[in-house]
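Peer 1: Sequence plus predicted model, see below.
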Amino acid sequence: MLRNSLLALSSLALFIACGPSGPSVDDVNKTIGTGGTGTTGGNNTTGVMGGSSGSGGSGQVGGMGGSGIVPMGGMAGTSSPTGGSGGMPPTAGSGGSGGGSGPVGPYDPRSGSFKMLVLTRTAAFRHDGSINSGKTMLEAIAAEQGFEVEFKGSVIVPGNDQETHRLSSEEIAATITAENLARFEIIFHLNTTGDMLNGAQQDIYEAWMKNNGAFAGVHAATDTEQQWPFYSEVTGQYYNGHGNANTPDQIQLEPAAVAESFPALVFGGGDNLPNPWQRNEEWYKFDNHQVWSAKPGFKILGRKAADSQPIMWVREWETFRAFYTAIGHDTAVFQDPVVKKHITGGIMWAVRRAHLIQ
């Protein structure tokens, strides 16, 4: 009898100290949003403390703490963006402490690596040299900032890595699916032109953008999808004419954007875009800018000095961010280290990581 009592007391003491743990759930979406749930602490109905919960991974919900009678329930796991729930107390116990919470808003800062999809599909004019030099620049930006990049939409000539063919509708069809786009945080239009997407693909793209998506585009990105209303909400306006290539002019930066240290203009350490910024370019015209730039979320960053036409701007609307710059006609543009910094700032702002720019 005494031996059986001692065994029972030993088992009870072990139960009080630890409490059983429930099973863990597979982690999902560890980088963004709410991921899997951590382990659940055990219930302790007779001892001092309920079992502690498991900790959620990055982007997970922490497990719920166990319940205890005295003096407290088990502690919840900590996680980001949402902390776990505290323990559920019976009569005398108090709940466990909640986990720390991280950002949950669509524009809150993010961290960690990400993937960028670069579209180079052209259904009209093709900027061959600019697309090729832009690809090299974007690969360098990705390496420096620690993210992944995939290029889709062009047939590459074997042996020289030159994207000189337009026919890539099959690759676009395989790329613009809900399942595939879920792998990316940002879509970059590298001098795309014409109607490159069908109606079903436009619907998938729009749904992705409205789910905390991000857009970046250069030059002919505003010569793309002219019959798609949502695209104009992202880009502002389809260009309506241009001058000759390699025409000299200046870009005058908007004082308000400079004052707030917008990352596509102000690079830190006193290293900013020149103001005014002397450029040779095929200057696009945006004669309807007074209408669309007044919509919620649009912010013009710089204008052409000669006629005050906007040249670079952003939009933060609903749950997406978009960055556009009209420069990028010639091959040499994307070989300019200042342009590289300008576009780096736009990309990192769009994916909510401007604070992580290297």
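Peer 2: Sure, I can see it. Owing to the predicted nature of the structure, the values given are computational and were not obtained by experimental measurement.
Peer 1: which residues of the protein score low on pLDDT?
Peer 2: Residue ranges of the chain with pLDDT under 70: 1-104, 155-167.
Peer 1: Helices along that one, start to end?
Peer 2: 2-18, 128-145, 169-175, 178-181, 199-209, 229-235, 255-259, 289-292, 337-350 (DSSP state H).
Peer 1: List the contacts of the fifth one.
Peer 2: The one in question is helix 199-209. The contact list for helix 199-209, computed with Cβ atoms under 8 Å, 6 or more residues apart in numbering, reads 172-173, 176-178, 181-182, 187, 197, 215, 225, 228, 230-231, 234, 320. Where you see a C-beta, it was placed from the backbone N, CA and C, and this is true even at glycine.
Peer 1: now, among those, which is nearest to Pro263?
Peer 2: Nearest to Pro263 out of the contacts of helix 199-209 is Phe215 (Cβ to Cβ; 15.8 Å).
Peer 1: Tell me what the closest one is bridged to.
Peer 2: Beta-bridge partners of Phe215, counted by DSSP bridges, are Ile187, Ala322.
Peer 1: what separates it from Phe323, distance-wise?
Peer 2: 7 Å (Cβ to Cβ, to the nearest Å).
Peer 1: Settle it for me: which of these two has more neighbours?
Peer 2: Ranked by neighbour count (other Cβ atoms under 10 Å), Phe215 and Phe323 place Phe323 first, with 29 against 23.
Peer 1: which residues touch the nearest residue to that one once chain neighbours are set aside?
Peer 2: In this structure, Phe323 finds its nearest non-sequential neighbour in Gly346, 3.6 Å apart by Cβ to Cβ, 6 or more residues apart in numbering. The contact partners of Gly346, by Cβ under 8 Å, 6+ apart, come to 216, 263-264, 312, 314, 323, 325.
Peer 1: change it to 6 Å
Peer 2: Gly346 is in contact with 216, 264, 323, counting by Cβ atoms under 6 Å, 6 or more residues apart in numbering.
Peer 1: where do the strands sit along the stretch 51-200 of the chain?
Peer 2: For the stretch 51-200 of the chain, strands defined by DSSP state E, counting those that start in this stretch occupy the ranges 58-61, 80-82, 115-119, 148-152, 155-157, 162-165, 186-190.
Peer 1: elements contacting the fourth one?
Peer 2: This means strand 148-152. strand 115-119 (3 or more Cβ pairs under 6 Å, 6 or more residues apart in numbering; DSSP states H and E).
Peer 1: Return the distance of the residue nearest to Leu273 when sequence neighbours are not counted relative to Arg321.
Peer 2: Distances taken as Cβ to Cβ, 6+ apart place Leu265 nearest to Leu273, at 5.0 Å, with adjacent residues excluded. Distance, Leu265 to Arg321, by Cβ to Cβ: 16 Å.
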